[in-house]
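Novice: any chance you could fold what I've pasted below:
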Amino acid sequence: TTAATAAALLPGGSVPEFLYQLTKMLTDAHNRDIIEWSTYSGNGRIEVHHPARLEREVLGRYFRHSKYSSFQRQLNYFGFRKIAG
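Specialist: Numbers count the residues shown, from 1 in each chain. Next comes the predicted model:
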């Protein structure tokens with residue numbers, strides 16, 4: 001495993017629930033017009049195309065909350081950073 005992958009694992013080798021649900025959300029083709037994982041720039045990044053729809057239609061299916069600001073805080077906690085917009 002890479003250092004980043006190992007660092008994301010909890011004691012005992014399990015993946016944090018947020019990262020597990022994030023992966024499910026990003027790999028669901030039904031969400032691509034709202035949020036997607038992109039490698040367009042050569043680096044992987046999450047692109048949120050419609051924040052309001054993300055709150056209304058997507059977040060509640062994967063997380064206990066449906067607030068975009070809470071989702072952003074969780075992304076920041078796990079090392080994701082805003083790069084544009």
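Novice: centre-most residue in the protein?
Specialist: In the chain, the centroid-proximal residue (CA atoms, centre = their mean) is residue 22; its distance is 4.1 Å.
Novice: what's the first helix or strand after the worst-scoring helix or strand of the chain on mean pLDDT?
Specialist: Sorting the helices and strands of the chain by mean pLDDT, DSSP states H and E puts helix 3-8 at the bottom, at a mean of 52. Next in sequence after helix 3-8, counting helices and strands by DSSP states H and E, comes helix 17-27.
Novice: give the buried residues for that next one.
Specialist: Buried residues in helix 17-27, defined by neighbour count with 16 or more other CB atoms under 10 Å: 18, 21, 22, 25, 26. For every residue, glycine as well, the C-beta is placed using N, CA and C.
Novice: and of these, the nearest to residue 58?
Specialist: residue 25 (6.5 Å; CB to CB).
Novice: quick check: the nearest residue to that closest one once chain neighbours are set aside vs residue 52, distance?
Specialist: Using CB to CB, 6 or more residues apart in numbering and skipping the chain neighbours, the partner closest in space to residue 25 is residue 62 (4.7 Å). As judged by CB to CB, to the nearest Å, residue 62 and residue 52 stand 17 Å apart.
Novice: state the distance from residue 21 to residue 75.
Specialist: 12 Å.
Novice: and if you look at residue 13?
Specialist: Residue 13 is 23 Å from residue 75, by CB to CB.
Novice: and those two? Which one has more around it.
Specialist: Ranked by neighbour count (other CB atoms under 10 Å), residue 13 and residue 75 place residue 75 first, with 16 against 8.
Novice: the more buried one is in contact with residue 54, isn't it?
Specialist: No: between residue 75 and residue 54 there is no contact under CB atoms under 8 Å: 11.9 Å.
Novice: which neighbours do those two share?
Specialist: Shared contacts of residue 75 and residue 54 (CB atoms under 8 Å, 6 or more residues apart in numbering): none.
Novice: quick one, what contacts residue 50?
Specialist: Neighbouring residues of residue 50 by CB under 8 Å, 6+ apart: 33, 34, 35.
Novice: fine by me, we can end here.
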